[in-house]
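Undergrad: A predicted structure for the sequence below; I have some questions about it.
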Amino acid sequence: MTIVDERPQRTDRPSPAQGRKVLGLLLVVLGCWATLLISTPAQSGDPVLRTTSPGNSETVKSPDDVELTFDRPVPAGLATVRIINPPGEQVVFRRPVNPPDRPDTISVPMPKTRFGGTYTVAWTLPSQHLEPLSGAFTFDVFQPTSSAGAPEIETRRDPFIAAFHTTARFAAVAAMAVLIGAAFFVAALWPAGAVLPTVRRVVTGAWIGVVVSTLAVLVSFGPYAAWVPLGDAFDPQLLWGTLRSDTGAGLLSRLLLLLPITLGLVELMAAPPAERQRERALRGGAVLGCGAALAATWSLARPHSELTPLSLAVDVVLLMSAAVPVTGLGMLWLLLGGKDRSAPHTYVPRWSRATGACAGSLALVALYHLWHSTDSTVPTSHTWLLIGLLALIGLLAGTIAVLRLQLHRRPAEPPQSKADRRRSPELTRYRNLAAGGAGLAALLLIATALLVVTRPPHTAHAQRIEPTPSSLRRQLPPFRLPFDTGKPGGSGAVDLVLLPGADGPDRVHLDTRVSVRGGPGDVAVTAELRRPGRAPIPVRLTEAGPGYSRGTATVPGHGDWELALTLRAPDGSRQTVTQPLDVR
């Protein structure tokens, strides 16, 4: 009789249940990134005033509103408009609004009681750097009179609002780091810790911290960006203006992103502990994928000049690489005082490997910033911050090495009674090391946050970020040039905006904006620079919107020039208007 043993079934093949788990994790990550991409609008840039109603130095009868139209959408709630009447009194005390279906325009109503004479209008808006963009112009009601001068608009921030907003921003960064680190801790390093009340409190507290701090940033950004005093900080229009700004959109994206992240956290905390390394790696990868989307909102919700994919990736790596060591050391300090005997020997080796990888990433990011941060050989404050970050990374790596060495030399067996656990010299030594490492990690997190907040003008992101040009910070009013093609309905006006910039020792770069107001409609505009004794230089204009064109040209020398605009109506009639230029 022959006995045939049944061949054992292979257990390393992925089962349908495992496939469903992988698909579920992938869907959570895709859901996070889809939410981020859908809810984050494109960057708008710094606005340029292109036309006003009434126009600069224009004589009108009695306007009901004063409107300022920019070259892109602007959050009216963050703008400030002041109007001084001919007797020298301020007549507008409310924040501007965006007229219906005109997000690029801000409007304020004129008072019911109006005087004949010259009115002066001053305005200000925050730039991408939260610097004030401002300007002023005048218009005349019935007849011109002497101007009372442009009103001053306060652009100094209230100290309490500035401190509250800055604290809320750093609290949001810390809460995101703890949430990402705690979730990674549960998913990839010690899954059994998910059932412990301490771990659950950390995850829940970090989630609440992200929500509360983000709401605090959202509420305080309007008063902070609009330079309003504390007494006016609760104006609802400030919050509405925040929601329509780039920073507000980034903060809203973070709050929306917490919806799929919350679903993933609930599933992670309720799932059975992952026993196999492959399952832990899958869960850890899903946490990192979702955490990267959450970390990206740090850059998207921060005032900046221009966010590139490289700068976004560097910021994400920076925050996530600091999140794992910070939360991990804090968790270790808490768990070493618990009842679980396997905490030091199960968690520490896995955590030390992950922390080593994070320390390497932080070192690369710091060296990357250090290499590109400045062209000068004289150390700056930013350079010293980078050097301090590298020193903290070295101390953190040393703490990890000492902790692992202590574990290998003396395996700790925590006693069962609470009093014995407190008296255990081994656990006391481990907890002291973990507490010291947690302090270093907290300093590391603060340094990483400061590293991005204090990014120098010579940045590391493959481009040179310049401060806001003076022509944008203090914008001149548009030149209003009337025209008449000689045919019925052929009269109107052109608002001309010129933004000069240096283009070499004897050359000026001229950014030209042309807005056609009135006229027969569909008026074609061509432009050229003229100077006696020189051939005309064409200015190539491209249509940027209805009745709005823009273009650039290079003026090859200083002196007196003339910009000629030729307007052609659909019926073939045309007229040329000119604007003298003094190029210096």
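TA: Nice, thanks for sending it over. Here the structure is a predicted model, which is why all the values come from computation and not from measurement. Numbers count the residues shown, from 1 in each chain.
Undergrad: show me the contacts for Val97.
TA: For Val97, the contact set (Cβ atoms under 8 Å, 6 or more residues apart in numbering) comprises 76, 106-108, 237. Quick note: C-beta positions are derived from backbone N, CA and C, even for glycine.
Undergrad: what does Thr262 give?
TA: Trp207.
Undergrad: average model confidence for whatever helix or strand it lives in?
TA: Thr262 is part of helix 246-270, with elements assigned from DSSP states H and E. The pLDDT scores in helix 246-270 average 92.
Undergrad: kindly report the same for stretch 510-522.
TA: Throughout stretch 510-522, pLDDT has a mean value of 82.
Undergrad: could I get the buried residue list for it?
TA: Residues 510-517, 519-520 are the ones in stretch 510-522 that count as buried (16 or more other Cβ atoms under 10 Å).
Undergrad: ranges for the helices of this structure?
TA: 16-39, 159-184, 197-225, 236-243, 246-270, 277-300, 309-335, 348-372, 381-409, 418-423, 425-453, 470-473 (DSSP state H).
Undergrad: please identify the buried residues of the helix holding Thr262?
TA: Neighbour counts over helix 246-270 (16+ other Cβ under 10 Å) mark 246-254, 256-258, 260-261, 264-265, 268-269 as buried.
Undergrad: orientation of it relative to helix 236-243 in degrees?
TA: Here helix 246-270 points in a direction 70 degrees away from that of helix 236-243 (axes from the mean of the first three to the mean of the last three Cα atoms, to 10 degrees).
Undergrad: quick thing: my sequence starts at 140, can you match it?
TA: All right, first residue 140 from here; so that's helix 385-409.
Undergrad: got the angle between helix 385-409 and helix 336-364?
TA: On the basis of the same axes, to 10 degrees, helix 385-409 is oriented at 170 degrees to helix 336-364.
Undergrad: roughly how far is helix 385-409 from the heart of the chain?
TA: Helix 385-409 sits 17 Å away from the centroid of its parent chain (Cα atoms, centre = their mean, to the nearest Å).
Undergrad: same deal with stretch 678-685?
TA: Distance, centroid of stretch 678-685 to centroid of chain: 29 Å (Cα atoms, centre = their mean).
Undergrad: list the buried residues in that stretch.
TA: Going by neighbour count (16+ other Cβ under 10 Å), the buried part of stretch 678-685 is 678, 680, 683.
Undergrad: just the residues you listed now: which is nearest Ser712?
TA: Nearest to Ser712 among the buried residues of stretch 678-685, counting by Cβ to Cβ, is Leu680 at 19.3 Å.
Undergrad: quick one, strands of the stretch 140-289 of the chain?
TA: For the stretch 140-289 of the chain, strands defined by DSSP state E, counting those that start in this stretch occupy the ranges 188-192, 197-199, 204-209, 219-223, 244-248, 256-265, 271-280.
Undergrad: can you name the residues in contact with the first one?
TA: So that's strand 188-192. 202, 204-210, 260, 262, 274, 276, 278, 614, 616-617, 634, 636, 652, 654, 656, 687.
Undergrad: strand partners of that strand, parallel vs antiparallel please.
TA: Neighbouring strands of strand 188-192 in its sheet, by DSSP bridges, are strand 204-209 (antiparallel).
Undergrad: got the angle between the partner strand and strand 244-248?
TA: Per the same axes, to 10 degrees, the angle that strand 204-209 makes with strand 244-248 is 160 degrees.
Undergrad: could you dump strand 204-209 to CSV, C-alpha only?
TA: Written as CSV, here are the backbone C-alpha positions of strand 204-209 (Å, rounded to 0.1, in the frame of the first residue of the first chain):
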residue,chain,number,x,y,z
ASP,A,204,-19.9,103.6,-8.1
VAL,A,205,-16.2,103.6,-8.4
GLU,A,206,-14.8,100.5,-10.1
LEU,A,207,-11.3,99.2,-10.5
THR,A,208,-10.7,96.4,-13.0
PHE,A,209,-7.5,94.3,-12.8
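Undergrad: and that strand, how far out from the chain's middle?
TA: Taking mean C-alpha positions (Cα atoms, centre = their mean), strand 204-209 and its chain are 27 Å apart.
Undergrad: between strand 271-280 and it, find me the angle.
TA: With the same axes, to 10 degrees defining the directions, strand 204-209 sits at 140 degrees from strand 271-280.
Undergrad: coming back round to it: and the strands of the stretch 140-289 of the chain, which is most packed in?
TA: Of all the strands of the stretch 140-289 of the chain, strand 188-192 has the most neighbours on average by mean count of other Cβ atoms under 10 Å, namely a mean of 24.
Undergrad: care to break this structure down by domain?
TA: The record's domain parsing of the chain by automatic domain parsing lists 157-185+295-443, 188-280, 448-600, 617-722.
Undergrad: what's the least confident stretch among the ones you listed?
TA: Lowest mean pLDDT within those: domain 448-600, a mean of 67.
Undergrad: how about stretch 433-449: buried residues?
TA: Residues of stretch 433-449 classed as buried: 433-444, 446 (neighbour count, 16+ other Cβ under 10 Å).
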